[in-house]
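1. Quick one: sequence plus predicted model below, questions after.
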Amino acid sequence: MEEHFVWVTTRRIKPGTLEEFERAWRPGSLPDGMRRAYAYWSEDGQEITGVSLWDSRQACDAWRSSDAENRRREVMAPYVVEERESFYRGGELTLPAR
């Protein structure tokens with residue numbers, strides 16, 4: 001199984017601020033070591049889960065502690081009510097054939 005390094009952040013945002021939050025949320029450039037990123041929104045637009053895949057834990061940690069990420073978080077802060085985040089290791093599951 002190919003190992004993946006994944007950072008997951010779930011944020012609850014203030015009602016009616018999804019568009020403003022989305023503008024603040026997107027990084028200005030691709031962080032070093034990030035392979036892919038996904039975003040998922042709840043139907044009410046008040047909870048957003050971001051999932052990013054990284055080359056390594058070190059690459060993710062370097063981005064998380066960077067000035068660029070700190071500035072991005074400052075711009076998002078006025079819209080965020082609650083935030084949860086975690087780092088995971090794992091891989092793709094093999095699904096049974098249909």
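-> Received the coordinates, thanks. Residues are numbered from 1 along each chain as shown.

2. all helices for this protein, in order.
-> 18-25, 57-64, 67-76 (DSSP state H).

3. got the residue ranges for the strands in this structure?
-> 4-13, 34-41, 47-54, 80-90 (DSSP state E).

4. And the residue nearest the centre of this structure?
-> Nearest to the centroid of the C-alpha atoms of the chain, with distances taken as CA atoms, centre = their mean, sits Gly50, at 3.2 Å.

5. could I get the strands of the chain as JSON lines with distance to Ala97?
-> Backbone N, C-alpha and C define where each C-beta goes, glycine included. Output for these, formatted as JSON lines (distance: least, CB to CB, whole Å):
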{"stretch": "strand 4-13", "distance to Ala97": "23"}
{"stretch": "strand 34-41", "distance to Ala97": "26"}
{"stretch": "strand 47-54", "distance to Ala97": "26"}
{"stretch": "strand 80-90", "distance to Ala97": "22"}
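
6. Ok, which of those strands comes nearest Ala68?
-> In terms of CB to CB, the element of those nearest to Ala68 is strand 34-41, at 11.9 Å.

7. Output the below-cut-off pLDDT ranges for this protein.
-> 1 (pLDDT under 70).

8. ok, back up a step: mind listing the residues bridging to the nearest residue to the residue nearest to the centre of the chain once chain neighbours are set aside?
-> Using CB to CB, 6 or more residues apart in numbering and skipping residues adjacent in sequence, the residue nearest Gly50 is Thr9, 4.8 Å away. Here Thr9 shows beta-bridge partners Gly50, Glu85, assigned using DSSP bridges.

9. what about Thr9, distance to Cys60?
-> Thr9 sits 11 Å away from Cys60, taking CB to CB, to the nearest Å as the criterion.

10. which one of those two has more residues nearby?
-> Cys60 (20 against 16; other CB atoms under 10 Å).

11. Quick check: the more buried one touching Ser52?
-> Yes: Cys60 is within contact range of Ser52, at 7.4 Å (criterion: CB atoms under 8 Å).

12. Show me whatever sits in contact with both of these two.
-> With contacts taken as CB atoms under 8 Å, 6 or more residues apart in numbering, Cys60 and Ser52 have 7, 34 as neighbours in common.
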